[in-house]
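J.: build me a model:
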Amino acid sequence: MLHSKLWLRTETNLLDSNINVRLYNELETRYCEERLPMKIGQLAKETGVSIRSLRYYEQQGLIAPLRQANGYREYSPLTVHTVETIKLYLNLGLTTEQIAGFLTCVLRNKEAFCSEVMPIYERKLAEIEAQMLQLSQIRTNLIDRIAAVQSETKAENPSKE
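T.: Below you'll find the predicted structure:
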């Protein structure tokens, strides 16, 4: 039996553009059969995501735990993969609202088969390019201000050159 962290790495690596969906589904099924449901603390530990963030993902409809009679959340082992996928998209700068629009699709298919993904990527790229242009303009303005202040300082205190 493979260690759960190794399985997690294998699942994550399968999400590249050459994913074989049938193989992925078989691995997913085997992984799930070998693992027991987990509490929120264990899920947080395995994914490196805070309990607070996991609760937020739940509020946003990105993950859905079962509730035990005592009110505790119980997560499927597959939730580890879901949280890792959420982290990937958050690291691309997407919002949880954007992720919610296509998460179910990308968990079941290749990204290329999810028509919702590409328009979001294109909008995000355009947004980043606009921000980069704005930051470049701010940088130029700061360089100009620094030069002006230095020039003014030198004019008022010629002995400090």
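J.: which parts of the protein are strands?
T.: Per DSSP state E, the chain carries strands over the ranges 66-67, 73-74.
J.: paired strands for the last one, with orientation please.
T.: Strand pairing for strand 73-74, using DSSP bridges, gives strand 66-67 (antiparallel).
J.: quick one on the thing from earlier: can you tell me which of the strands of the chain is most buried?
T.: strand 73-74 (a mean of 18; mean count of other CB atoms under 10 Å). Quick note: C-beta positions are derived from backbone N, CA and C, even for glycine.
J.: run through who's touching it.
T.: P37, M38, K39, I40, E58, P65, L66, R67, Q68 (CB atoms under 8 Å, 6 or more residues apart in numbering).
J.: could I get the full set of helices for the protein?
T.: 4-13, 21-34, 40-47, 51-59, 78-91, 96-100, 103-108, 117-156 (DSSP state H).
J.: quickly compare those helices and say which is most buried.
T.: helix 78-91 (a mean of 19).
J.: mind exporting that one as PDB, just the C-alpha atoms?
T.: Backbone C-alpha positions of helix 78-91 (Å, rounded to 0.1, in the frame of the first residue of the first chain) are rendered in PDB as follows:
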ATOM      1  CA  LEU A  78     -11.300  12.900  -2.100                       C
ATOM      2  CA  THR A  79     -11.700  16.300  -0.400                       C
ATOM      3  CA  VAL A  80      -7.900  16.400  -0.100                       C
ATOM      4  CA  HIS A  81      -7.700  16.500  -3.900                       C
ATOM      5  CA  THR A  82     -10.500  19.000  -4.100                       C
ATOM      6  CA  VAL A  83      -8.700  21.400  -1.700                       C
ATOM      7  CA  GLU A  84      -5.400  20.900  -3.600                       C
ATOM      8  CA  THR A  85      -7.200  21.900  -6.800                       C
ATOM      9  CA  ILE A  86      -8.700  24.900  -5.100                       C
ATOM     10  CA  LYS A  87      -5.300  26.000  -4.000                       C
ATOM     11  CA  LEU A  88      -4.000  25.700  -7.500                       C
ATOM     12  CA  TYR A  89      -6.600  28.100  -8.800                       C
ATOM     13  CA  LEU A  90      -6.300  30.500  -5.900                       C
ATOM     14  CA  ASN A  91      -2.500  30.600  -6.700                       C
END
